[in-house]
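**Student:** coordinates only, no sequence provided:
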Ligand code: AMP
């Protein structure tokens, strides 16, 4: 596995089947699932690790973001990654700002203004530099997945965006780099997020929307969560769900002792 730190070192990669997996590091099995999926398609797999300041609207969140490069490199090598690109902050010099569309202003974008502008801005740059044929993203960040898919369709029409199922721990908690900040008892409490999503998914009907959402918010609040949002959208375009929706996204963001956690379930009706 090659490790490079400068975009100019990338120039010698002469491969027309490159698959990119953008990350911010502190890798867990969820990230590695993306690497393995990319590898299983016989691509030349490029992972990027860059904690992108443009996508943090909370300075403390950025400052406290875990950095575990040595462990990350070992895990990437074991998972079959071919090249790791660790850009330095000068990747941001003269970077072209991308303004995310209006669908960035709901869900996570509503409480994190500018977040998806930052995400698309760095991805635009990474796609330009690495010239991938395919790119892999986690469905845990479903709004990001939809925005990237739309952005790529317009700006990189040959690039295929793949969404990979959320990897969970044994209690159902979605793996996340932020879980590192949770103590053992908090990790157990956090598994209630997926329990509530599962309950809603199993009992969903168009008529029961409000009752299900309100009950889940009450349950989670009683357990000490601060619920940022718990919403159901039509999964295809992130529009409001209608009677004719065929696939729904049940999406949640909560704070547990100040740690932001997100998750979702996609359900076919
Ligand atoms: P991050 O390092 O948090 O920016 O995540 C990098 C990529 O890994 C994104 O496409 C995420 O959606 C994806 N990812 C994060 N957590 C998981 C998970 N538990 N399962 C699958 N993919 C994930």
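**Tutor:** Sure, I can see it. These numbers come from a predicted model, not from an experiment.

**Student:** residues of this structure that sit close to the ligand?
**Tutor:** 23-24, 30-31, 33-34, 137-138, 140-141, 164, 166-167, 174-177 (CB under 6 Å from any ligand atom). In this view, the C-beta of every residue, glycine as well, is placed from N, C-alpha and C.

**Student:** so which of the residues you listed belong to helices?
**Tutor:** 30-31, 33-34 (DSSP state H).

**Student:** go through the residues you listed and name the one nearest residue 89.
**Tutor:** Nearest to residue 89 among those, counting by CB to CB, is residue 31 at 21.5 Å.

**Student:** residue in the stretch 101-250 of the chain nearest to the ligand?
**Tutor:** Closest approach between the stretch 101-250 of the chain and the ligand, counting by CB to the nearest ligand atom: residue 138, at 2.4 Å.

**Student:** quick one, longest helix in this structure?
**Tutor:** Under DSSP H, the chain gives helix 115-130 as its longest helix.

**Student:** check which residues of that helix are buried.
**Tutor:** 115-127, 129-130 (16 or more other CB atoms under 10 Å).

**Student:** stretch 29-44 now?
**Tutor:** Counting neighbours by 16+ other CB under 10 Å, stretch 29-44 gives 30-39, 43-44 as buried.

**Student:** what about the strands in this protein?
**Tutor:** With strands called from DSSP state E, the chain shows them at 2-4, 18-23, 44-49, 83-85, 134-138, 160-164, 225-234, 239-240, 247-256, 259-268.

**Student:** let me have those in TSV, extended by mean pLDDT.
**Tutor:** Formatted as TSV, those follow (pLDDT from 0 to 100):
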stretch	mean pLDDT
strand 2-4	96
strand 18-23	98
strand 44-49	98
strand 83-85	97
strand 134-138	98
strand 160-164	98
strand 225-234	98
strand 239-240	94
strand 247-256	98
strand 259-268	97
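
**Student:** could the ones you listed go into a markdown table alongside distance to residue 55?
**Tutor:** A markdown table is the format used below for the strands of the chain (distance: least, CB to CB, whole Å):
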| stretch | distance to residue 55 |
| --- | --- |
| strand 2-4 | 22 |
| strand 18-23 | 11 |
| strand 44-49 | 14 |
| strand 83-85 | 17 |
| strand 134-138 | 14 |
| strand 160-164 | 18 |
| strand 225-234 | 17 |
| strand 239-240 | 24 |
| strand 247-256 | 15 |
| strand 259-268 | 13 |
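
**Student:** perfect, that will be all.
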